[in-house]
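In: Sequence and computational prediction follow.
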Amino acid sequence: MPDYAHYATGEPVVDTKAPEGPVAERWDTRRFQAKLVNPANRRKHTVIVVGTGLAGGSAGATLAEQGYHVVQFCFQDSPRRAHSVAAQGGINAAKNYRNDGDSIHRLFYDTVKGGDFRARESNVHRLAQISVEIIDQCVAQGVPFAREYGGLLDNRSFGGVQVSRTFYARGQTGQQLLLGAYQALSRQIATGGVELHARTEMLDLIVVDGKARGIVARDLVTGKIDTYFADAVVLATGGYGNVFYLSTNAMNSNATAIWRAHRRGAYFANPCFTQIHPTCIPRTGDHQSKLTLMSESLRNDGRIWVPKAKGDDRPANLIPEDERDYYLERIYPAFGNLVPRDIASRAAKNVCDEGRGVGPGGQGVYLDFAEAIGRMGRKAVEAKYGNLFDMYQRITDEDPYTVPMRIYPAVHYTMGGLWVDYDLSTTIPGLFAIGEANFSDHGANRLGASALMQGLADGYFVLPSTINDYLARNPHTEKVDAEHPAVAEVVAETEDRINLLLSVDGDRTPDSFHREIGELMWEYCGMARTEDGLRKALARIPEIREEFWRRIKVPGTGEQFNQSLEKANRIVDYLELAELMCLDALHRAESCGGHFRAESQTPDGEAERRDEEFSYAAAWEFTATGGAPVLHKEDLVFEYVHPTQRSYA
Amino acid sequence: MKLTLRVWRQQNPETPGAMATYEVDNISADMSFLEMLDTLNEELTLAGDEPVAFDHDCREGICGACSLVINGDAHGPERTTTCQLHMRSFADGDTIDIEPWRASAFPVIKDLVVDRSSFDRIIQSGGYISAATGTAPDAHATPVPKPDADFAFEHAECIGCGACVAACPNGSAMLFTSAKVNHLNVLPQGAPERETRVLDMVAQMDEEGFGGCTLTGECATACPKGIPLPSIAAMNKEWLRATRKVRR
């Protein structure tokens, strides 16, 4: 067994920023306690924001509106392309416009419970409070949410919740919210409040005297590596699902910014908490580059099944009714096809592992609308799901009105991320993490329509309040520039890494390594994890890393637009992050939310949480590449929502 | 299937480019067009050649990054984005021409990658509603008639890919600009800046070097999101209204 798994446990990590008192008053109290920066002094402060998705775009715009000088980065050619754009379903808010019993407290309760009791109550309550303001803000910006004939906003229910609190813009809610934030940001770019660097990727963090003071970034067009300095740095760089190679993430979404920050001292919390979404279009072959999500609303009317017999490769319509296994309806008679995401995903994996999967490689299950079409008529099904059926047909060339859809689970979201306190500050003073990049609000499982809510809550409302306190208390009088020894060292390390990647000149492409680490993670750190499998992965990852540095081939030079170099450099970080994810999964010998340890299940095969031992967030401290990290536990206390075991049978 | 690709290669903006010919084999009909290019790039990399540079990100038709002229058509033969175009739209033995967006306002960066920052500057000139965070009234304070909300949404669907410009014989950005003007100008929240928005955005569009509109309609035919051609007429109406109303 490699030394990596012999981690030490350090001092507990504690959130010192959330005030005492009733949970509903904490955010007001904190905002009053926080120091302010005089409006006239704000322009003297520079804040770096990395990323322009929902969290980064809204934060950059809002900080500039407040008068700060914002320097913002995105690796895309335009801030409008950040991957938040692809979110389909909607955004939750406790508006109670339906008069159906919703409230801030109910949204708070649902989110803590949905996260399987692994999130911090103070943060989640604040999220529920702010959800209401987000909708107001977005409507004022012109976000075209769905409306009813009376001109008021429409809502729908989502993900098994009992109220209708989801606001949506057809199947493109993420796009519309992102364009709202992008337009607010564009307005600030025009006024000079935001200095935007597009096609520029952060490669490392600059820490001087223990505080985050800037970043090292590469201009992806010219290849020039440059330094940027600030009084505080905000990472809004999204999740790390692409470590699995195949996921619903965009191709270029990556973990470099948060991983480099982790290497510089920011703790990484709950890295093994990954959400696997049950209804994605299955892969068609080795050429597959990414997976596409289909809205889980399809499970409202579609019935999921596989053949009863192993290796039954007859077309679906030739398999008689009594030779089909509607396994969700059989195992979970009460919830049937509407069980939560994690349960539906695991069940699909189980039947495929038994050799009963359908489609290419047996990696798929049927989602059948024949019964719905018979009951409701084709017209009604078309009205409800037409756009999804069209998307499915375009990708697979199969008509889902006559042939059952094939679906399979895919990596979709990462609940883990940089550890942050109530102020969204990481363990490096002056470094903040917002949106999917942090770990704070979703615990071990994220509910549908909550990611958009969290990204915008952090960016529009939370960070712009809390960062004042840091900037007021840390008036940086000492200027930092490229001559500073700490800065020169980071730049040199970055340049060395780039040069090394270019000089190996081996015989394997970046993609081949990405695919290899992704397949390993999917196998051993995917939907079901075992001690055995995780130990295998932990033994294998250092070997892949060693092989990478021996055999990687990156054509071209560093002084040019070079997409192979971009990819290879991101894979360097996946090869380290993967190891931490496996270790975190190994150490958490319980099942909770999206983390299922086969050793910890109830007699009927459900996830079994072990609160006495694991009611904490695991925050890991980096020591060295391949060296055992140090575990810092943040104990989770539940004063308002009392932990219970989930049951859906 | 086996294909012959003729691809625009250009090292950087300063160096002249040229078409290069490649053969690819074992292409599956289920591959997306970009996955077919991935296959080519893996082969080029192993041979020690530089892979073909192209913009792409979400690969599900919504981010607007991908941008190829395929056999003379922006985004190729189907009405969708290049990332959602599949190889089943082609036949074994086909020769496929692949070029970048062609427009003077979209200079080539490398190979098939172009600079579309001119679109961002059009948005910066007025494609927003000034509503600083925290100033908003309750979302239900101003009802929006459903037809107006639907009209706004239909135009807000634009993904900013630039196919409209690439397809237009004049390299005009009228469809892109009108989509944003119409999205915001129809909403009550957008009314206070209605005139300055359309005047400033059209002025910026001209400044960026986009061509004039002669209503050939190629833009709306190429648009993967179906922004309708009458969008341009609606913007012209807004512009005329604004010039009458605002003395500048």
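Out: Done, it's in. Numbers count the residues shown, from 1 in each chain, chains lettered A, B, ... in the order given.
In: Would you indicate which residues of the helix ranked longest in chain B are buried?
Out: Secondary structure assigned by DSSP state H gives helix B:230-245 as the longest helix of chain B. For helix B:230-245, the neighbour count (16 or more other CB atoms under 10 Å in any protein chain shown) marks B:231-232, B:234-236, B:238-239, B:242 as buried. No exception for glycine: its C-beta is placed from N, CA and C like everyone else's.
In: what does stretch B:148-167 give?
Out: In terms of neighbour count (16+ other CB under 10 Å), stretch B:148-167 has its buried residues at B:148-149, B:151-167.
In: do stretch B:5-14 as well
Out: Buried residues in stretch B:5-14 (16+ other CB under 10 Å): B:5, B:7-10.
In: of the buried residues of stretch B:148-167, list those near chain A.
Out: Among the buried residues of stretch B:148-167, proximity to chain A is found for B:149, B:152-153, B:156-157, B:159-160 (CB under 8 Å from any CB of the partner chain).
In: neighbours of residue A:546, just the number please.
Out: Neighbour count for residue A:546, taken as other CB atoms under 10 Å in any protein chain shown: 12.
In: How far away from the center of its chain is the helix or strand that contains it?
Out: Per DSSP states H and E: residue A:546 is located in helix A:531-551. Centroid separation between helix A:531-551 and its chain, computed with CA atoms, centre = their mean, to the nearest Å, is 24 Å.
In: I'd like to know which elements that helix is packed against.
Out: Contact here means 3 or more CB pairs under 8 Å, 6 or more residues apart in numbering or on different chains; DSSP states H and E; on that basis helix A:531-551 packs against helix A:510-524, helix A:563-587.
In: export that helix as CSV, just CAs?
Out: The C-alpha trace of helix A:531-551 is given here as CSV (Å, rounded to 0.1, in the frame of the first residue of the first chain):
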residue,chain,number,x,y,z
GLU,A,531,-12.3,-0.5,0.0
ASP,A,532,-10.7,-3.0,-2.4
GLY,A,533,-11.4,-0.9,-5.5
LEU,A,534,-10.2,2.3,-4.0
ARG,A,535,-7.0,0.8,-2.8
LYS,A,536,-6.4,-0.5,-6.4
ALA,A,537,-7.0,2.9,-7.8
LEU,A,538,-4.7,4.5,-5.2
ALA,A,539,-2.0,2.0,-6.2
ARG,A,540,-2.5,2.7,-9.9
ILE,A,541,-2.7,6.5,-10.0
PRO,A,542,1.0,7.1,-9.1
GLU,A,543,1.9,4.7,-11.9
ILE,A,544,-0.1,6.6,-14.4
ARG,A,545,1.4,9.8,-13.2
GLU,A,546,4.9,8.4,-13.7
GLU,A,547,4.0,7.2,-17.1
PHE,A,548,2.5,10.5,-18.0
TRP,A,549,5.8,12.4,-17.4
ARG,A,550,7.6,9.8,-19.4
ARG,A,551,5.4,9.4,-22.4
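In: Between helix A:510-524 and it, find me the angle.
Out: 170 degrees (axes from the mean of the first three to the mean of the last three CA atoms, to 10 degrees).
In: For the chain, give me the ranges with low pLDDT.
Out: All of this refers to chain A. Flagging of chain A using pLDDT under 70 yields the residue ranges A:1-2, A:159-160, A:648-649.
In: look at chain B instead
Out: Judged by pLDDT under 70, the stretches of chain B that qualify are B:247-248.
In: helix, strand or coil for the residue of it found nearest chain A?
Out: Closest to chain A within chain B is residue B:143: 2.9 Å, counting by CB to the nearest CB. Under DSSP: H, G, I helix; E, B strand; the rest coil, residue B:143 falls in the coil class.
In: tell me the contacts of it?
Out: A:147, A:150-152 (CB atoms under 8 Å, 6 or more residues apart in numbering or on different chains).
In: From residue A:154, how far off is it?
Out: 12 Å (CB to CB, to the nearest Å).
In: Between the two, which contacts overlap?
Out: By CB under 8 Å, 6+ apart, the residues touching both residue B:143 and residue A:154 are residue A:147.
In: Would you map out the domains in chain B?
Out: What automatic domain parsing lists as the domains of chain B is B:3-110, B:117-245.
In: Just the contacts of residue B:143: which are in strands?
Out: Among these, no member falls in strands (DSSP state E).
In: any idea which of the residues you listed is closest to chain B?
Out: residue A:151 (2.9 Å).
In: Number of residues surrounding the closest one?
Out: 16.
In: Verify the stated contact: it with residue B:144.
Out: Yes: under the criterion of CB atoms under 8 Å, residue A:151 makes contact with residue B:144 at 5.3 Å.
In: Contact distance from chain B - what residues of the stretch 301-450 of chain A qualify?
Out: Contact residues, the stretch 301-450 of chain A versus chain B (CB under 8 Å from any CB): A:394-397.
In: go again using 6 Å as the cut-off
Out: Residues of the stretch 301-450 of chain A lying near chain B by CB under 6 Å from any CB of the partner chain: residue A:397.
In: Helices of the stretch 301-450 of chain A, residue ranges please.
Out: A:327-331, A:341-353, A:370-376, A:378-396 (DSSP state H, counting those that start in this stretch).
In: want to throw these into CSV with mean neighbour count and distance to residue A:567?
Out: Output for those, formatted as CSV (neighbours: other CB atoms under 10 Å in any protein chain shown; distance: least, CB to CB, whole Å):
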stretch, mean neighbour count, distance to residue A:567
helix A:327-331, 18, 38
helix A:341-353, 22, 28
helix A:370-376, 14, 42
helix A:378-396, 16, 24
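In: so can I have JSON lines of the ones you listed showing distance to residue A:263?
Out: Converted to JSON lines, those look like this (distance: least, CB to CB, whole Å):
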{"stretch": "helix A:327-331", "distance to residue A:263": "42"}
{"stretch": "helix A:341-353", "distance to residue A:263": "30"}
{"stretch": "helix A:370-376", "distance to residue A:263": "51"}
{"stretch": "helix A:378-396", "distance to residue A:263": "38"}
